[in-house]
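Undergrad: just a sequence and a predicted model for now, questions to come.
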Amino acid sequence: MPSYIYWIGYLIIINFIAVIATVMDKYNAKKHRWRVPENTLLLIAAVGGSPAMLLTMYAIHHKTLHKKFMLGIPIIITMQMLTVYYLFFRQ
């Protein structure tokens, strides 16, 4: 099996985790319960969950007023795209 299949599987799983963590944090915020730490959310984004997390944040209007997330997640996505380009498409 080609190795990129494992990367695709990993990205699907980590993006699913990003959606679940973001939705769970929003739900818990409304209920005044324990929240997912911001550093945990950013870590999930940094290890590959940034696209789904950003889309989920916009969809459910969560953390959209936090500069740490509204600047941080796009920066993470940009860095991830540059890394992928550098590792796989650079000649």
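TA: Done, it's in. Numbers count the residues shown, from 1 in each chain.
Undergrad: select the longest helix from the chain.
TA: Secondary structure of the chain read by DSSP state H shows that its longest helix is helix 3-30.
Undergrad: any idea of the mean pLDDT for that helix?
TA: Mean pLDDT, helix 3-30: 95.
Undergrad: try stretch 55-67
TA: 96.
Undergrad: if we can go back for a sec, now do the longest helix of the chain: which elements does it pack against?
TA: helix 38-44, helix 50-60 (3 or more CB pairs under 8 Å, 6 or more residues apart in numbering; DSSP states H and E). Where you see a C-beta, it was placed from the backbone N, CA and C, and this is true even at glycine.
Undergrad: how about 6 Å then?
TA: With contacts taken as 3 or more CB pairs under 6 Å, 6 or more residues apart in numbering; DSSP states H and E, helix 3-30 sits against helix 50-60.
Undergrad: buried residues in the helix it packs on?
TA: 50-54, 56-57 (16 or more other CB atoms under 10 Å).
Undergrad: now the angle between helix 50-60 and the longest helix of the chain, please.
TA: Counting by axes from the mean of the first three to the mean of the last three CA atoms, to 10 degrees, helix 3-30 points 30 degrees away from the direction of helix 50-60.
Undergrad: buried ones in helix 3-30?
TA: Buried-residue list, helix 3-30, by 16+ other CB under 10 Å: 14-15, 17-19, 21-22, 25-26.
Undergrad: who touches the residue nearest the centre of the chain in this structure?
TA: Centroid-nearest residue in the chain, with CA atoms, centre = their mean: residue 50, separated by 2.5 Å. Going by CB atoms under 6 Å, 6 or more residues apart in numbering, residue 50 touches 73, 76-77.
Undergrad: which non-adjacent residue is nearest residue 60?
TA: Spatial nearest neighbour of residue 60, excluding adjacent residues (CB to CB, 6 or more residues apart in numbering): residue 26 at 5.3 Å.
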